[in-house]
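Engineer: Build me a model from this:
(chains A, B and C)
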Amino acid sequence: MPAHEQTLQSLMRHQSAARVRRWRPDSALWLLCLPALLIITPFLVACLYMLRFSVSADTGSINGFSLQAYAELAQPYFLRSLWLTLKLAASSTVIVLMLAVPLAMVIVTTRSASWRRLMTVVVLLPMILNLLIQSYGWILLLGPAGVINTTLLQLGMVERPLILLFNEKGVLLGLVQTSLPLAVFPLMSSMRAVSQEYLEAASGLGASHWRSFVDITLPLLKPGLIGAGSIVFAFNASAFAVPLLLGGRRVRMLGLAIRDMISPLFNWSGAAAGGMVLILIITLVLVLSTWLVSRSDVRGGS
Amino acid sequence: MSRVGLLPGEGGGSYRLVVCVLAGIGIVIAAAPVVIIFIMSFSAAETSSFPPSELSLRWYESALALFRSDESSGSQAVGAALISSLQVALVVMVLSVTACIPLAYALVRGRRRLRQGMELLFTLPLVFPLVMLGIAFLLLAESLRWELGLWRLVIPHLALVVPFVLRNCMSAMQSISRETEEAAISLGASPLRAGIDIVVPLMKPGILAGLIFAFIISFNEFTITFFMYTIDQSTLPIWMYSRTVSSLDPSTLALSVFIILIDLVMIIAIDKIIAGRASLF
Amino acid sequence: MKSAAGMAAALAMPSIVKAQGSKRYDGKTVRLLTWSDDTGLAVLNHIAKPFEEATGAKVIADRTGSTSEMVAKLRAAGDRPQYDVITLAGVGGVTLAADGLLAKPDLNQLPNLEQVDPQFRTGADGHGIGYLLWTGGMIYNTKTFSEPPVSYAQMWDESVESRLFLPPATWTDALDTIFATSVMLGGDGRDDDAAFAKLAELRDRLLTFGENPTQLVELFRSNALDIGGVYAPAFFAKELANPEQSNMGATYDLEEGFFADLMYTIMPKSHPGDDDVVHAFINYTLDAGVQGVMAEAVLNGPVNTQAVMSEAARTSPFIIKPEQLSDKAVVHDKNFIASVREDWIKRYTQTLS
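Structural biologist: Numbering: from 1, shown residues only, chains lettered A, B, ... in the order given. Predicted coordinates for the structure are as follows:
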């Protein structure tokens, strides 16, 4: 590293003298995109394959053209799942952001390196352990005879065990848990980039912590927040394992409904059509959030 | 390093309190199930009642015995599953990061239009319902009739990790100023050299986070792998699944703790090898 | 009894007895797909392993998935299956046979079929060979019920509110539940409108669907569940043997009857392995000794009428023997089930979740 920094500094000194030409044409940039495009090509082919399947006249194979699969989605069976999915994805996104911002703040500002490491690892944990196993952890904790219910019953605070799992609450908790790391990490990098001077200036002006958080930190974090929020929303809207394991199969999010169409209903064109609708909706949300980011970029730049 | 302005060290009254309480709730939610599984894996009892009345290492012994015994064959062998999981995860990690570094560069330096379109394109795998993607990849792989071997799992995993790797590389790239790089070029370095010698080292924290995310996601991926695995090419999460469906004895929990350790060792190793002082932590 | 079984086995595979040094199928491989739950584990331990020892063949087992997931995988693989032999529920065999994906086994190469009850020998239009009987009744909490419940109506009792489970919509047991509800209401099992109206009353009283048997074990053990059905005792062989610790009991003795489904072993067309060794494997699943051991291990009903069972297994109330399938057992007309299946799965889901 020191060697790099030295070259860097000497380079910086020379740089100011030279007026740099526009040295990189767009074609070179496209070339740099190539390896990644190559890697993602099979996925794009799979997308097109599903799109083709969704307009197949046959439910089990690609054969002919028909919009039947889409027409059949206009049933309460599917629409209720869609509504539930959007509701849970949106509320989990709000909760995740409310937890992830303070968490990222605490991690970034912690001075002790070992505490910082420990917290980073803990935040990664939900991604590391098999969800099936984690769901047992939740049952032991929150189940009808879990630690919390037993304690509440013993203290006489409730008469019957509270049903904390196998319903929307349980699924929401699982969604928040599994997507927390996805929000914390991008927010940590955004916070590292928040200029110290703004905040110091604000506190110098006598602004309260709340004021400077609302007026300065939040606007500066906005692109990071929208980025993290959209990734969490997309991730949770297509969730499958969490509603399966913590919903007791009673909370039918779209991921589950699509799986049921794949097997045992073997309505593969219907599953493809359902998937396409889900993707379309999530993509709209993402486009909207990209638009919001770029608008705030423009405002920040001007 | 610390950003004192973000969170006051002392005082700060209600603001500091609220921030700390919310962060605490976040930590508890993230860790609770894992902590319980961890404690249970040391239980001395046959059943999984919590908290355990007595502690022992017996389940670790029986988990170790699983690796030693050759009773199981085919996709049921845990050792083979572990090895192919590691192989897949390492290949996915290296390839995805190698592809995302130039992409992140191009997107950050390129026009806004290019960037927005590409970003959306590379977020798409995140949006796709995994079950759906699994069946799509399976149908494609079967209709192509190629013998893909390891690549049968690597290819879908690559699509899955790219959104995460790219985001991490891009956020690191954004903090590198154009001047640094242009200075090198003005001194006669080729754009490629400038990129490799100056930009890539500066991107390290992002690359590191990308490598770690890629490894974790691929190593623990279940849904797509469930469709794509074959009798000869299976992974550890698949093995764990077929084991836990039949019975959840505490040796499975001990095994889970092993898996967490493997993940952590890999994370720390990657951090040590790549990071130097730019450690993720 | 034992020597008779031994004789039968010896007659079935005389060459094994002759050639002691090099076994008949040395170097050959059978690729087996079976369930991920305990029943699949039992296939591995009580069929695959002894088969390897007896014949020298190697069995590579894939023990992941439920019947409908197996069907999805085989459909996706089309004419290039990776498996030689599959054990699965009746409806899966019928579906795959209708798709034209299955080969018809040569019955002459399956001498053990002679000991099998004639009504359970083959199915799925000759593509499926009878394997074992999957039986479903009610699971109950032995702490709550000193006597087993005698009717499915017990699930509507207010005392079991929020302590109740039902089978998930994706399982055939859910279709059985709809059928049982209709019979309970005095119908013939096919009167679905009335059954769904009655099932709707359970929506808010349900704790969970029994998607994951291990989860159910945990919930019973912690005394959070009272009752559920239609569900197979087969998942709980260990727990039912030890009710003091598991709190679990099971009964088939219900006014509305219990449910029995013949499971099949099937052989996909153009499977990778040798026909000979695959037939030998299927034949081995029907061996009197093997059937007895399997019945005892996973509480499935044996189809071999001479199945060799221990005294405990013979008298076990949880294992249904072919001769016990009196008028109390409901064996579905597979065509009827196929015709209502999709509609019932959807309505069951909508009614209850």
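
Engineer: Does C:Met70 touch C:Leu33 like I think?
Structural biologist: Yes. With contacts counted by CB atoms under 8 Å, C:Met70 reaches C:Leu33, the gap being 5.9 Å. Any C-beta I mention is one placed from the backbone N, CA and C, and that applies to glycine too.

Engineer: Now the common contact residues for the two.
Structural biologist: Shared contacts of C:Met70 and C:Leu33 (CB atoms under 8 Å, 6 or more residues apart in numbering or on different chains): C:Ile86.

Engineer: Run through the residues that contact C:Gly228.
Structural biologist: Applying CB under 8 Å, 6+ apart to C:Gly228 gives the contacts C:138-140, C:155, C:164-167, C:210, C:216.

Engineer: Ok, A:Ile279 next?
Structural biologist: A:Ile279 touches B:124, B:127-129, counting by CB under 8 Å, 6+ apart.

Engineer: Give me the phi and psi for it.
Structural biologist: phi -60, psi -40 (degrees, to the nearest 10).

Engineer: Spit out the contact partners of the spatially most central residue of chain A.
Structural biologist: When CA atoms, centre = their mean is applied to chain A, the residue found nearest the centroid is A:Val232 (1.7 Å). Residues near A:Val232 by CB under 8 Å, 6+ apart: A:92-93, A:96-97, A:179, A:182-183.

Engineer: on that earlier part again, narrow the contacts of A:Ile279 to those in helices?
Structural biologist: Counting by DSSP state H, the part of the contacts of A:Ile279 found in helices is B:124, B:127.

Engineer: Just give me the residue closest to the centre of chain C.
Structural biologist: Centre-nearest of chain C using CA atoms, centre = their mean is C:Trp134, 3.3 Å out.

Engineer: helix/strand/coil for that residue?
Structural biologist: strand (DSSP: H, G, I helix; E, B strand; the rest coil).

Engineer: ok, what's across the strand from it?
Structural biologist: Note on C:Trp134: beta-bridge partners C:Asp261, judged by DSSP bridges.

Engineer: pLDDT at it, what is it?
Structural biologist: We have a pLDDT of 93 for C:Trp134.

Engineer: for B:Glu119, same thing?
Structural biologist: Per-residue pLDDT puts B:Glu119 at 83.

Engineer: Quick check: it touching B:Leu107?
Structural biologist: Yes. B:Glu119 lies in contact with B:Leu107 (CB under 8 Å); the separation is 6.7 Å.

Engineer: These two: who's more crowded?
Structural biologist: B:Leu107 (27 against 19; other CB atoms under 10 Å in any protein chain shown).

Engineer: circling back: quick check: helices, which of the contacts of C:Gly228 are part of them?
Structural biologist: Short answer: the contacts of C:Gly228 in helices (DSSP H) are C:Leu216.

Engineer: out of the contacts of C:Gly228, which one sits closest to A:Asp260?
Structural biologist: Closest approach to A:Asp260 among those (CB to CB): C:Pro167, at 13.9 Å.

Engineer: Now do the same contact list for that closest one.
Structural biologist: By CB under 8 Å, 6+ apart, the contact set of C:Pro167 is C:173-174, C:176-177, C:209-210, C:228-231.

Engineer: where does the chain have low pLDDT?
Structural biologist: By default, I'm working from chain A. For chain A, the stretches flagged by pLDDT under 70 are A:1-26, A:194-207, A:296-302.

Engineer: nope, chain C please
Structural biologist: For chain C, residues meeting the criterion pLDDT under 70 lie at C:1-22.

Engineer: Do a quick rundown of the strands in it.
Structural biologist: Counting by DSSP state E, chain C has strands at residues C:29-33, C:58-62, C:85-88, C:122-123, C:128-141, C:164-166, C:206-209, C:227-231, C:248-251, C:258-266, C:301-302, C:329-330.

Engineer: Quick check: the gap between the residue of chain C found nearest chain B and C:Tyr83.
Structural biologist: Nearest to chain B in chain C, going by CB to the nearest CB, is C:Ile60, at a distance of 3.4 Å. Taking CB to CB, to the nearest Å as the measure, C:Ile60 falls 9 Å from C:Tyr83.

Engineer: how about the residues of the stretch 101-250 of chain A near chain C?
Structural biologist: A:135-136, A:139, A:143-146, A:160-161, A:163, A:166, A:244-245, A:248-250 (CB under 8 Å from any CB of the partner chain).

Engineer: which one of those residues is nearest chain B?
Structural biologist: Among these, A:Tyr136 lies closest to chain B (CB to the nearest CB), at 6.3 Å.

Engineer: Tell me the helix or strand right after the host helix or strand of that closest one.
Structural biologist: Here A:Tyr136 sits within helix A:131-142, counting by DSSP states H and E. Of the helices and strands lying after helix A:131-142 in sequence (DSSP H and E), the nearest is helix A:147-154.

Engineer: wait, isn't C:His279 in contact with C:Gln109?
Structural biologist: Yes. Counting by CB under 8 Å, C:His279 touches C:Gln109, with 4.0 Å between them.

Engineer: And these two? Which one has more around it.
Structural biologist: Higher neighbour count among C:His279 and C:Gln109: C:His279, with 19 against 14, using other CB under 10 Å.

Engineer: Now do that one against A:Ala90, distance only.
Structural biologist: Noted for C:His279: a distance of 57 Å to A:Ala90, by CB to CB.

Engineer: What of A:Gly60?
Structural biologist: A:Gly60 is 34 Å from A:Ala90, by CB to CB.

Engineer: contacting residues for B:Ser62?
Structural biologist: Residues near B:Ser62 by CB under 8 Å, 6+ apart: B:251, B:254.

Engineer: what about 6 Å?
Structural biologist: Contacts here follow CB atoms under 6 Å, 6 or more residues apart in numbering or on different chains; on that basis B:Ser62 touches B:Ser251.

Engineer: again with A:Pro223
Structural biologist: When contacts are counted by CB under 6 Å, 6+ apart, A:Pro223 touches A:Val293.

Engineer: cool, the one 5 residues further on as well?
Structural biologist: By CB under 6 Å, 6+ apart, the contact list for A:Ala228 reads A:183, A:186-187.

Engineer: Which of these sits closest to chain C?
Structural biologist: Closest to chain C, out of all of the contacts of A:Ala228 and judged by CB to the nearest CB, is A:Ala183, at 28.9 Å.

Engineer: Settle this for me: that closest one is touching A:Leu99, isn't it.
Structural biologist: No. If you go by CB atoms under 6 Å, A:Ala183 and A:Leu99 don't touch, sitting 8.2 Å apart.

Engineer: who's more crowded, the two?
Structural biologist: Between A:Ala183 and A:Leu99, counted using other CB under 10 Å, the more crowded position is A:Ala183 (28 against 24).

Engineer: helix or strand for the more buried one, which one?
Structural biologist: Assigned by DSSP H and E, A:Ala183 falls in helix A:168-193.

Engineer: And the helices in the stretch 201-302 of chain A?
Structural biologist: Ranges of helices in the stretch 201-302 of chain A, per DSSP state H, counting those that start in this stretch, are A:209-212, A:218-237, A:241-246, A:254-262, A:268-301.

Engineer: Now distance to A:Leu34 too, for those, in TSV please.
Structural biologist: Shown next, in TSV, are these (distance: least, CB to CB, whole Å):
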stretch	distance to A:Leu34
helix A:209-212	45
helix A:218-237	25
helix A:241-246	34
helix A:254-262	33
helix A:268-301	23
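
Engineer: out of those, nearest to B:Ala63?
Structural biologist: Closest approach to B:Ala63 among the helices of the stretch 201-302 of chain A is made by helix A:241-246 (22.2 Å; CB to CB).
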